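In: Give me a model of this one.
(one chain, ligands or ions: 3)
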Amino acid sequence: MVKQELLEKYGLCRESIPGHVAIIMDGNGRWAKARHMPRTYGHKKGAERVKEIVRLSSDLGVGTLTLYAFSTENWKRPREEVGLLMGLIIEYLRKELRELWEENVRFYSIGDRDALPSEVRAVIEESEAETKENTGLNLVVAINYGGQDELVQAAKRLAEDFKAGKTELNQQAFEDRFYTAGLPAVDYVIRTSGELRMSNFLPYQAAYAELCFTQTLWPDFDAEQYVQALREYAGRNRRFGGI
Ligand code: IPE
Ligand code: IPE
Ligand code: MG
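Out: Numbers count the residues shown, from 1 in each chain. Ligands and ions are numbered 1, 2, ... in the order given. Next comes the predicted model:
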């Protein structure tokens, strides 16, 4: 449910809230390093931030929030770190499922599930099934997601279906075979930690998105910072090639 008083408190108006916000949650490692702590500590703190940003998105009327949690490239990290990240995904979903449900949030995961540990797959499937009737915020978590992989998989499926005479070849048929099928295009990409790149995140879906790069490291990205980013979006002039 959109909280009008919250929009007013933050000086935002309903019409200028992006329909689809996608966040590259970056900088956990550097946050921990600055505190002489192991990277894993940064990931734990980062995971704690997610809750606040999800709730605020729901309260402010963001339609879809996509969070980049683990990329197809992140397997290159040390085994221990990968294990901890998988563990945090399981913990987050187990702990938050009830609250997500109560807030009418619908959960989706995008990415290649087949390569995930079975426990992660199970909790993803359970969370999707449990929330599938919900009509509030779409919370999309990208886990083992890579945009290039998504496009190749979609192209393969489209080719197979075309060969079998099941589809025509057009833009819609291509998009229908993405992990994000049925979800709207991205309006706003926010990346924390000062890196100026997309890192294989939603290359097709964010083709016309507005971009926001902030120096803040993800564990420090709080409600105030998010609102600041949304204010910035409200001031953008989107033209989509028009005038
Ligand atoms: C983002 O923080 C979390 C994931 C990629 C899973 P990083 O772990 O990339 O943190 P930095 O970029 O090394 O600081
Ligand atoms: C992008 O961050 C992936 C996630 C936030 C999950 P990375 O830290 O992996 O990106 P690079 O390596 O700096 O491009
Ligand atoms: Mg990083």
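
In: can you dump the C-alpha coordinates of whichever strand or helix holds Lys45 into CSV?
Out: Under the criterion of DSSP states H and E, Lys45 resides in helix 39-60. Extracted in CSV, the C-alpha atoms of helix 39-60 (Å, rounded to 0.1, in the frame of the first residue of the first chain):
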residue,chain,number,x,y,z
ARG,A,39,34.7,-9.1,3.2
THR,A,40,32.0,-11.5,4.5
TYR,A,41,31.2,-8.9,7.3
GLY,A,42,30.4,-6.4,4.6
HIS,A,43,28.1,-8.8,2.9
LYS,A,44,26.2,-9.4,6.1
LYS,A,45,25.8,-5.7,6.7
GLY,A,46,24.8,-5.3,3.0
ALA,A,47,22.1,-8.0,3.4
GLU,A,48,20.7,-6.1,6.4
ARG,A,49,20.1,-3.0,4.1
VAL,A,50,17.9,-4.9,1.7
LYS,A,51,15.0,-5.0,4.1
GLU,A,52,14.8,-1.2,4.4
ILE,A,53,15.0,-0.5,0.7
VAL,A,54,12.4,-3.1,-0.1
ARG,A,55,10.0,-1.7,2.4
LEU,A,56,10.5,1.9,1.3
SER,A,57,10.0,0.9,-2.4
SER,A,58,6.7,-0.7,-1.4
ASP,A,59,5.6,2.3,0.7
LEU,A,60,6.5,4.8,-2.1
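
In: For the residue in the chain that ligand 2 sits nearest to, give its distance to Phe107.
Out: When scored by Cβ to the nearest ligand atom, the chain has Ser199 as its residue closest to ligand 2, at 3.6 Å. C-beta here means a position set from N, CA and C on the backbone, and glycine is covered the same way. Distance, Ser199 to Phe107, using Cβ to Cβ, to the nearest Å: 23 Å.

In: Equivalent analysis for Gln148, please.
Out: For Gln148, the distance to Phe107 equals 25 Å [Cβ to Cβ].

In: Compare neighbour counts for those two and give me the winner.
Out: Taking other Cβ atoms under 10 Å, Gln148 and Phe107 do not tie; Phe107 has more neighbours (24 against 11).
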